[in-house]
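Asker: Okay, predicted coordinates and the sequence, questions at the end:
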Amino acid sequence: MKKRVVLALGGNAILQPGQVGSYENQKANIEASADSITEIIKRGHELVIVHGNGPQVGQILRQNELAKEEIPVQPLPICSSESQGFIGYMLQESLKNRLPEKNVATVLTMTEVDLKDEAFKQPTKPIGSFYTEEESKQLEVEKGWVMGEDAGRGYRRLVPSPKPKTIVEVDVIRTMLENKIIVVSTGGGGIPVAKNESGQLEGVAAVIDKDSSALKLSEEVDSDVLMILTDVPNVYINYGKPNQEKLETISIEKAEEYYNEGHFSDGSVGPKMAACIDFAKQGKTAIICSLDEAADALEGKAGTRVVG
């Protein structure tokens, strides 16, 4: 049975931990991802691909920093849009080469947020380069940045991570799906924008959680499935302990119970499970699985499924 699927591709599918962020490395990883994505499409499903962009935006910010004496520094929304463009290109090329009869397109996507969101009062998302404590204090004065220590590795700029209100280009994405186009959209959670006092959209220095935006997009395009791909085949409770247990098909109630008991860390699977629970409450199915098992997971043969 054909399904409309919003597929959230984790950052490791583009650049793995410890890898140099060269074009060659990222393209090779995307080629491997495209093999699994192609299998989903061949089984007849409609697809919107959302991807992470953390390492890529970090590289662009670093390039800005190194070249600032000769080339004007660009704001964070511009860096986000740059990453959407080149990641989208690599995905388009890889999928088109495997499915020449299909149309594939990237939508440069804005995600609207609310400037009254509590996240703007307390920025928590680290971005960009590492600095010493002294450099950090200087940047707070010179640029007005909020700085914070990042896991003992140095100090980094902190920006808000607000909740998505709406995907601005959702009507375009719906039209493309209705015309059987494979869509790459909402990369990195989308370019954060907010309405100013005049009601006009403006980019804001923020980072939106990719899985939260994938959930919002799923709701707005009325997808049948929200699928979040990771580097592990299932979600576990008591992870890393002798009583570790793999989760397969679980109810919303059971997923919420495990979530409230603290089985899913905020910096890892927590946001993914939160998005899956919210999506399943619509009476639909949310899946967390590994990239290579994605097609089988859609058929209930792999992964962790939260069902409404």
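Answerer: Done, it's in.

Asker: Show me the helices in the stretch 51-200 of the chain, by range?
Answerer: Assigned by DSSP state H, counting those that start in this stretch, the stretch 51-200 of the chain shows helices spanning 54-66, 76-98, 133-143, 170-178.

Asker: okay, those, which one's buried deepest?
Answerer: Neighbour counts (mean count of other Cβ atoms under 10 Å) averaged over each of the helices of the stretch 51-200 of the chain peak at helix 76-98, with a mean of 19. In this view, the C-beta of every residue, glycine as well, is placed from N, C-alpha and C.

Asker: quick one, strands of the stretch 201-308 of the chain?
Answerer: Under the criterion DSSP state E, counting those that start in this stretch, strands of the stretch 201-308 of the chain are mapped to 201-203, 225-230, 235-237, 245-247, 249-251, 285-290, 304-307.

Asker: quick one, which of these is nearest to residue 88?
Answerer: Residue 88 lies closest, by Cβ to Cβ, to one member of the strands of the stretch 201-308 of the chain: strand 225-230, at 16.9 Å.

Asker: now the closest one: mean pLDDT?
Answerer: On average, the pLDDT along strand 225-230 is 95.

Asker: Provide the contact partners of it at residue level.
Answerer: For strand 225-230, contacts defined as Cβ atoms under 8 Å, 6 or more residues apart in numbering pick out 3-10, 12-13, 211, 214-215, 218, 269, 272, 275-276, 279, 284-291, 294, 297-298.

Asker: what angle sits between it and strand 285-290?
Answerer: For strand 225-230 against strand 285-290, the angle by axes from the mean of the first three to the mean of the last three Cα atoms, to 10 degrees is 20 degrees.

Asker: Which positions in strand 225-230 come out as buried?
Answerer: Residues of strand 225-230 classed as buried: 225, 226, 227, 228, 229, 230 (neighbour count, 16 or more other Cβ atoms under 10 Å).

Asker: For the stretch 51-200 of the chain, give me the ranges with low pLDDT.
Answerer: Within the stretch 51-200 of the chain, no stretch has pLDDT under 70.

Asker: ok, now how distant is residue 27 from residue 72?
Answerer: Taking Cβ to Cβ, to the nearest Å as the measure, residue 27 falls 29 Å from residue 72.

Asker: More neighbours: which of the two?
Answerer: Remark: of residue 27 and residue 72, residue 27 carries more neighbours, 15 against 7, as counted by other Cβ atoms under 10 Å.

Asker: Can you give me the buried ones in the host helix or strand of the more buried one?
Answerer: Taking DSSP states H and E as the criterion, residue 27 maps to helix 23-42. Burial within helix 23-42, assessed by neighbour count using 16+ other Cβ under 10 Å, is assigned to 26, 29, 30, 33, 34, 36, 37, 38, 39, 40, 41.

Asker: list the contacts for the first one?
Answerer: Residue 26 sits next to 14, 15, 56, 87, 90 when contact means Cβ under 8 Å, 6+ apart.

Asker: just to revisit the earlier point, adding pLDDT and distance to residue 145, write the buried residues of helix 23-42 out as CSV.
Answerer: Below are those laid out as CSV (pLDDT from 0 to 100; distance: Cβ to Cβ, whole Å):
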residue, pLDDT, distance to residue 145
26, 95, 28
29, 94, 31
30, 95, 32
33, 93, 34
34, 96, 37
36, 93, 39
37, 96, 37
38, 97, 42
39, 95, 44
40, 95, 41
41, 96, 43
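
Asker: Just name the closest of the residues you listed to residue 146, please.
Answerer: For those, the nearest to residue 146 is residue 26 (29.7 Å; Cβ to Cβ).

Asker: State the distance from that closest one to residue 19.
Answerer: From residue 26 to residue 19 the distance is 8 Å (Cβ to Cβ).

Asker: Just the pLDDT at the most centrally placed residue in the chain, thanks.
Answerer: Centroid-nearest residue in the chain: residue 210, 2.7 Å away (criterion: Cα atoms, centre = their mean). Confidence at residue 210, expressed as pLDDT, is 95.

Asker: Can you give me the distance of it to residue 180?
Answerer: Residue 210 is 25 Å from residue 180, by Cβ to Cβ.

Asker: which residues touch residue 145?
Answerer: Contacts for residue 145 (Cβ under 8 Å, 6+ apart) come out as 139, 157, 158.

Asker: try residue 35
Answerer: residue 98.

Asker: what's around the closest residue to residue 248 other than its chain neighbours, how many residues?
Answerer: Take residue 248 and drop its neighbours on the chain: the residue closest to it by Cβ to Cβ, 6 or more residues apart in numbering is residue 304, 6.3 Å away. By other Cβ under 10 Å, 26 other residues sit near residue 304.

Asker: Ok, residue 205 next?
Answerer: 18.

Asker: which residues touch it?
Answerer: Listed by Cβ under 8 Å, 6+ apart, the contact set of residue 205 reads 75, 76, 77, 159, 160, 192.
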